[in-house]
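Trainee: Dropping a prediction and its sequence here:
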Amino acid sequence: DVKVTQSSRYLVKRTGEKVFLECVQDMDHENMFWYRQDPGLGLRLIYFSYDVKMKEKGDIPEGYSVSREKKERFSLILESASTNQTSMYLCASVGGGGPLHFGNGTRLTVT
Amino acid sequence: QKEVEQNSGPLSVPEGAIASLNCTYSDRGSQSFFWYRQYSGKSPELIMSIYSNGDKEDGRFTAQLNKASQYVSLLIRDSQPSDSATYLCAVKNNAGNMLTFGGGTRLMVKP
């Protein structure tokens, strides 16, 4: 069974802080994704990575960056958190043409 | 125009009835189709995958795919209050591992 683990379920940060959201998958998947989900806006892709050290912008990359130094780990970085980045953040991975598997999500509040 | 369309609902059905959830997509090159269930505050979980035209049954769930008409549906038989959730339709083409999600349909099953 695929396991995608996000390091925190809930986070509260202050405006201007640098925030790291960590995601680890245990299935040797090449592809990993970061989404945010907001009421009425659905799932929006922030960044994805198809290999170590490779990254591609999704639909809403502004204000975010990512890091993939190891195949199993994909980190989302908020360089300077703002209140409009308060959201549910979802990490996912996929391999071999199968479905996306999601982590449990991180609910981030920026005050 | 959104690439994957779902009625946002809420779709309200009585307990024991059949719930029918529909999804249309615009990319004729789409090859893989998925239904995810998402409870409030939780991450999406995969419940069905379908890759070829016709019906695919798994317990109380049946996915139906019609590529010529570009729609995919999910039927839930003997609906239970525990089925109350948002159901997300996701579509993938063969160009890569990117999924396009619909906005989701909120299902309410009333006792």
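Mentor: Nice, I can see it.

Trainee: going forward, measure contacts and count neighbours with C-alpha atoms only.
Mentor: Fine.

Trainee: Can you name the residues of chain A sitting close to chain B?
Mentor: A:31, A:40-43, A:90, A:94-95, A:97, A:99-105 (Cα under 8 Å from any Cα of the partner chain).

Trainee: mind redoing it with 7 Å?
Mentor: Contact residues, chain A versus chain B (Cα under 7 Å from any Cα of the partner chain): A:G42, A:G97, A:F102, A:G103, A:N104, A:G105.

Trainee: Filter those residues down to the ones in strands?
Mentor: A:G42, A:F102 (DSSP state E).

Trainee: Can you tell me which helices and strands the helix or strand bottoming out on mean pLDDT in chain B packs against?
Mentor: Of all helical and strand segments in chain B, the minimum by mean pLDDT, DSSP states H and E falls on strand B:99-101, at a mean of 89. If you count contacts as 3 or more Cα pairs under 7 Å, 6 or more residues apart in numbering or on different chains; DSSP states H and E, strand B:99-101 packs onto strand B:85-93.

Trainee: Report whether the strand it packs on contacts chain A.
Mentor: No - Strand B:85-93 is not in contact with chain A by Cα under 7 Å from any Cα; minimum separation 8.8 Å.

Trainee: Model confidence score at residue 52, please.
Mentor: Just going to use chain A. With respect to pLDDT, A:V52 scores 93.

Trainee: oops, I was thinking of chain B
Mentor: pLDDT, B:S52: 94.

Trainee: again, but for A:S82
Mentor: Per-residue pLDDT puts A:S82 at 98.

Trainee: wait, isn't it in contact with A:E17?
Mentor: No - contact criterion Cα atoms under 7 Å: A:S82 and A:E17 do not qualify, at 8.3 Å.

Trainee: who's more crowded, the two?
Mentor: Neighbours were counted for A:S82 and for A:E17 using other Cα atoms under 10 Å in any protein chain shown; A:S82 has more, 18 against 13.
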